[in-house]
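Student: sequence first, predicted coordinates after that:
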Amino acid sequence: MKTFVRQAVLSAMGLSAMALAGCSKASLDTPVAPVGERVEITLGAEVASTAKVKAGLSRGVVDKGSAGPLFVSFARIDQDETTGKYPVDYSDVDSAFVASWKGTLASADGSATAIKFYDPKFYLSRASNNSTKLVGWYPQTAFKSGSNGVIEIAVNGSNDIMLTEELEGSKDKRFGTYVSDGDAGNRIFHFRHQLTQLRFFAYGVDAAAPGVWGKIKSIKLKEQLPTCEITLPATVAFTGTAAHLALVKKKASGDANIDYGTDGLEFSFDSSVAADGDEQANREKSATECGYAMVAPIAAGGKLTLIIETEKGGERDNIAVSLPADGFKAGFAYNIYLRFSAITIEPKAAISKWQTGGNVNIEM
């Protein structure tokens, strides 16, 4: 879902901020400093859609409406002054054209907002060959040791990992503007989610189910890769030795803790809803939220299996989740429903929003 917004861009020359409307010409609305004078880089950015969460250095589920600062990193490469060529990639540690910046995206209402770097950064001030390319990521992370072109971020279930497109700008075609005509193009950065979000819920389909199974003690996703490796500007891979991953025992919306207590988490059967024979209504009204995990996307034809431990049923291994036809996709949130009956657990999926995902019911 694309949203085009108004964005204020500040000039380092002390000029007042000017509102830039979507589809306006940057060359008409943005003053350009003379050659040799420095212009500060301010970036417009927005988070691709997900639920409001509290501010923090590194938070769980990040959404377009997230309040408070979001701490991000950017890397830059510049045109060569003589040839006009860019470095072939972001991997040359010793290159004078490569730099990593840390900044804050202050997002209170979900609109594109300015990124402020800890130290002011500037466009190239020369007359020609003065363009710069930038790419950004979250959470704020340093380059992998030995390479400025690679970032490694832990996939621990709670990290929301995002990456922007690579954009080109200069002091006369500035970052933070959106125009639809000519070669100026779209220069607002979009932080796009690189993981899929799985939200787990449990409910009973008959009155005996809660008594048969008891409380839910733990839910684990089997064989998840532990590292997201990003090779700038756009290559994302998942690496490491696969291991079981426990759910984050928090609500995806708001990041509030889910109390499992000492014995586990209790789920219920709502007889008043079940009496009318509408299982979906029963599920939506009475399902207990169990937590979430943000993991590597799973392609169509792939698999996801769970380990579920309950108070009375013990540990059930290799519980298969039925994937949607196109798999679990990056940037999508899926509701996984654990459907407890007196004799089985049946997982099924349905799509809900980050963007649009799905529900999965699991028969217990």
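Tutor: Received the coordinates, thanks.
Student: alpha carbons only for contacts and neighbour counts from here, please
Tutor: Fine.
Student: so where's the stretch 101-250 of the chain uncertain?
Tutor: Applying pLDDT under 70 to the stretch 101-250 of the chain picks out residues 106-113, 177-185.
Student: ok, now with 50
Tutor: For the stretch 101-250 of the chain, the stretches with pLDDT under 50 are 108-110, 181-184.
Student: quick one: the nearest residue to residue 313 once chain neighbours are set aside and residue 73, what's the gap?
Tutor: In space, not counting the residues next to it along the chain, residue 313 is nearest to residue 213; the distance is 5.1 Å by Cα to Cα, 6 or more residues apart in numbering. Distance from residue 213 to residue 73, counting by Cα to Cα, to the nearest Å: 46 Å.
Student: which one's more surrounded, the two?
Tutor: Neighbour totals were compared for residue 213 and residue 73, and residue 213 leads with 24 against 21 (other Cα atoms under 10 Å).
Student: show the backbone phi and psi for that one.
Tutor: When read as degrees, to the nearest 10, the backbone of residue 213 gives phi -90, psi -30.
Student: right, and it touches residue 311 too?
Tutor: Yes - judged on Cα atoms under 8 Å, residue 213 makes contact with residue 311 at a distance of 6.5 Å.
Student: ranges for the strands of the stretch 151-300 of the chain?
Tutor: For the stretch 151-300 of the chain, the strands defined by DSSP state E, counting those that start in this stretch cover 162-163, 167-169, 189-193, 196-204, 216-224, 227-231, 235-239, 243-246, 288-295.
Student: now do the shortest one: which elements does it pack against?
Tutor: Counting by 3 or more Cα pairs under 8 Å, 6 or more residues apart in numbering; DSSP states H and E, the packing neighbours recorded for strand 162-163 are strand 132-138, strand 189-193.
Student: one more: the last one?
Tutor: If contacts are counted by 3+ Cα pairs under 8 Å, 6+ apart, strand 288-295 sits against strand 196-204.
Student: that older thread, export the helices and strands packed on strand 162-163 to TSV and tack on distance to residue 157 and mean neighbour count?
Tutor: Below are those laid out as TSV (distance: least, Cα to Cα, whole Å; neighbours: other Cα atoms under 10 Å):
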stretch	distance to residue 157	mean neighbour count
strand 132-138	15	22
strand 189-193	13	23
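Student: want to throw those into JSON lines with distance to residue 249?
Tutor: Putting those into JSON lines (distance: least, Cα to Cα, whole Å) gives the following:
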{"stretch": "strand 132-138", "distance to residue 249": "22"}
{"stretch": "strand 189-193", "distance to residue 249": "21"}
